[in-house]
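K.L.:
sequence unknown, structure follows:
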Ligand code: PGA
């Protein structure tokens, strides 16, 4: 059985003080959470959030990680820096990183290897744009992202990896992929992983859906066979909304 994982992606939102406030509101609401609960927050919030989540089930995540151990990489943050604060998960290859900051499958692969080397659990994002979807290129795009992004990754490595399937056209737009559509596409990713890394790996790998997930559609999405959780942007910024997704079963 794959344990569902609901992760918030705060993106570039919340100062450290606002972050403390949000966690304080969230804590009582996710007390009895069944899924694994993660908040991936801006670097400047990590310290405050690491303290604020103490005594709760909420786990700490970052939004990126450098591929190098240390050195002359102005503006980057290393895995050791994250680990010392208590970071467990890290988002890699979010579509906004790919779109605005020049991330490629190659840089995703380098960051992924570094995360694994340092014992961070990667949440690797893949997904097609609207144009790619309209041109019927979804499968081709996803295949390239998975094969190139996960180059040299072993079957054993997958034990700590989560994939987030986020159709770019559904991110922050209010447009959600239909549950059936998301399930089918995630099924394609799963079968690709099975073919490349073995049936067991594909069976055990957790794959999240991301893109305008909210309390009102979480239950339907989470009921799908292939969907093991969500990567939540906008709705992660309000305690009630995020908790509504975490508690989708209630
Ligand atoms: P959204 O963002 O929930 O606001 O669509 C999801 C994401 O980008 O991870």
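P.N.:
The structure has been received and is ready for your questions. Note that this is a predicted model, so its numbers are computed, not measured.
K.L.:
now the helices for the protein?
P.N.:
16-29, 43-52, 79-85, 95-100, 105-117, 130-134, 138-149, 179-197, 199-204, 215-222, 239-246 (DSSP state H).
K.L.:
highest mean neighbour count out of these?
P.N.:
Greatest average neighbour count among the helices of the chain goes to helix 239-246 (a mean of 22), per mean count of other C-beta atoms under 10 Å. Backbone N, C-alpha and C define where each C-beta goes, glycine included.
K.L.:
related to what we said a few turns ago, adding mean pLDDT, write the helices of the chain out as a markdown table.
P.N.:
A markdown table is the format used below for those (pLDDT from 0 to 100):
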| stretch | mean pLDDT |
| --- | --- |
| helix 16-29 | 98 |
| helix 43-52 | 98 |
| helix 79-85 | 98 |
| helix 95-100 | 97 |
| helix 105-117 | 98 |
| helix 130-134 | 94 |
| helix 138-149 | 98 |
| helix 179-197 | 98 |
| helix 199-204 | 98 |
| helix 215-222 | 97 |
| helix 239-246 | 98 |
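K.L.:
quick one: closest of the ones you listed to residue 165.
P.N.:
helix 179-197 (5.1 Å; C-beta to C-beta).
K.L.:
could you tell me the angle between that closest one and helix 215-222?
P.N.:
Interaxial angle, helix 179-197 versus helix 215-222 (axes from the mean of the first three to the mean of the last three C-alpha atoms, to 10 degrees): 40 degrees.
K.L.:
now do helix 179-197: which elements does it pack against?
P.N.:
In terms of contacts (3 or more C-beta pairs under 8 Å, 6 or more residues apart in numbering; DSSP states H and E), helix 179-197 is packed against helix 138-149, strand 162-165, helix 199-204, strand 206-210, helix 215-222.
K.L.:
circling back to that earlier point, and the helices of the chain as TSV, adding distance to residue 233?
P.N.:
Formatted as TSV, these follow (distance: least, C-beta to C-beta, whole Å):
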stretch	distance to residue 233
helix 16-29	14
helix 43-52	15
helix 79-85	20
helix 95-100	9
helix 105-117	19
helix 130-134	17
helix 138-149	19
helix 179-197	15
helix 199-204	26
helix 215-222	14
helix 239-246	10
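K.L.:
and of the helices and strands packed on helix 179-197, who's closest to residue 82?
P.N.:
So among the helices and strands packed on helix 179-197, strand 162-165 is nearest, using C-beta to C-beta, at 16.3 Å.
K.L.:
which neighbours does that closest one have in its sheet, and in what orientation?
P.N.:
Strand pairing for strand 162-165, determined by DSSP bridges: strand 121-126 (parallel), strand 206-210 (parallel).
K.L.:
got the angle for the first one vs helix 105-117?
P.N.:
Orientation check (the same axes, to 10 degrees): strand 121-126 against helix 105-117 gives 160 degrees.
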